[in-house]
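> Build me a model from this:
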Amino acid sequence: MVTASAPPTPDGAARDAAVRGARAWGRFLVGFLVLWGVLQAVATLDPTARWGVLLLAAVLVAAVVVEEVFHGVRPRVALRRLGLGRTRARVLGLAAGVSAAVLLVYPLTSLVTGATVALRPGWPWLLVGVFALHGLAEEIVWRGYAYRRLRRGRSFSAAVAWTMPLLAATHLPILVTSGVAVGLGAMAVAAATSIPLAYLFETGRGTVWAPAVLHTAIDSFKLVVIPAGAVTTFSLLLVAVSLVVPLLALAVPRRVLEA
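Next comes the predicted model:
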């Protein structure tokens, strides 16, 4: 699982420079802050993610601009480096299997609380939006930009360790909007899932498709209606499931996924 080898370069072009030294860190952090700012802004405009496809387009444009302006990467190459290349079917299959396990939180909630969890009207379109925004757009920023650049010249473990505090910090606004308990839970999930999502990113040829599938499953609560009396229990169960279940992806060795 942990390796010091460099991750794949999806486009076969010159590799990204390692983020080392004050200037390189400055470019990286400014680029990250720009992308996080755009992501936060569009997510605030549409908290339901119903128009996630349009929001994804805005984040993608921002990411391509950041790659070109701050790192000198041409737009056509940037799209592939950001994770929109060709993945591996078996990695997608693994992500789908782990995602199915994450979704067991809904029948588990019903079993524990006796409440009925119902899908929202128009949920198929909403699912497309959640996948576009919370799956693809967030993974483009977290894995396609941040993790990918921090991975160059570092081991898997070191790159994940550098990524964790960035992701946790970007969830600080949730402390204000949703309270301390929910905010701390979101920060913990963001940090812990950095490991399996980065693993899926790497084994999927440096693409965001597989981590986006799993990320969507974790954020699928936007597709359902939870009765008021079961909200607290559901929130605790979702945090627990999201902390533990995604780690199952690590049980499948790299040699199997990359064969």
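> what about residue 54, how many neighbours?
Number of residues near residue 54 (other CB atoms under 10 Å) recorded here: 14. Heads up, the C-betas are built off the backbone N, CA and C, glycines and all.
> next one: the one 4 residues further on
Residues near residue 58, counting by other CB under 10 Å, number 16.
> for residue 123, same thing?
Residue 123 has 16 nearby residues by other CB under 10 Å.
> Just give the closest residue to it, not the sequence neighbours.
residue 223 (4.9 Å; CB to CB, 6 or more residues apart in numbering).
> and what of residue 107?
Nearest non-adjacent residue to residue 107, counting by CB to CB, 6+ apart: residue 117, 8.0 Å away.
> In the chain, where is pLDDT below threshold?
Applying pLDDT under 70 to the chain picks out residues 1-15.
> Which neighbouring elements make contact with the top helix by length along it?
For the chain, the helix with the greatest residue count under DSSP state H is helix 22-45. Applying 3 or more CB pairs under 8 Å, 6 or more residues apart in numbering; DSSP states H and E, we find helix 22-45 packed against helix 52-71, helix 156-170.
> Next, the angle helix 156-170 makes with it.
Orientation check (axes from the mean of the first three to the mean of the last three CA atoms, to 10 degrees): helix 22-45 against helix 156-170 gives 50 degrees.
> hmm, back to that, now tabulate the helices and strands packed on helix 22-45 in TSV and tack on distance to residue 130.
Output for the helices and strands packed on helix 22-45, formatted as TSV (distance: least, CB to CB, whole Å):
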stretch	distance to residue 130
helix 52-71	6
helix 156-170	18
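> Quick one: closest of those helices to residue 216.
Closest approach to residue 216 among those (CB to CB): helix 52-71, 10.0 Å.
> What lies in contact with that closest one?
Contact partners of helix 52-71, identified using CB atoms under 8 Å, 6 or more residues apart in numbering, comprise 16-17, 27-28, 30-31, 34-35, 38-39, 42-43, 45-46, 49, 73-75, 78-79, 81-82, 128-134, 136-137, 140-141, 144-145.
> So which bits of the helix or strand just after that helix are buried?
Sequence-wise, the next helix or strand downstream of helix 52-71 (DSSP states H and E) is helix 75-79. Using 16 or more other CB atoms under 10 Å as the test for burial, helix 75-79 gives 77-79.
> which other helices and strands contact whichever helix or strand comes after helix 75-79?
From helix 75-79 onward toward the C-terminus, using DSSP H and E, the following helix or strand is helix 89-102. Where contact means 3+ CB pairs under 8 Å, 6+ apart, helix 89-102 is packed against helix 194-203, helix 209-218, helix 254-257.
> Could you dump those helices into a markdown table with distance to residue 172 and mean neighbour count added?
Converted to a markdown table, those look like this (distance: least, CB to CB, whole Å; neighbours: other CB atoms under 10 Å):
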| stretch | distance to residue 172 | mean neighbour count |
| --- | --- | --- |
| helix 194-203 | 16 | 26 |
| helix 209-218 | 19 | 27 |
| helix 254-257 | 33 | 14 |
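> Could you point out which of those helices sits nearest residue 230?
Ranking the helices and strands packed on helix 89-102 by proximity to residue 230 (CB to CB) places helix 209-218 first, at 18.5 Å.
> how near is the residue lying closest to residue 152 once chain neighbours are set aside to residue 195?
Nearest non-adjacent residue to residue 152, counting by CB to CB, 6+ apart: residue 18, 4.6 Å away. The spacing between residue 18 and residue 195, counted by CB to CB, to the nearest Å, is 21 Å.
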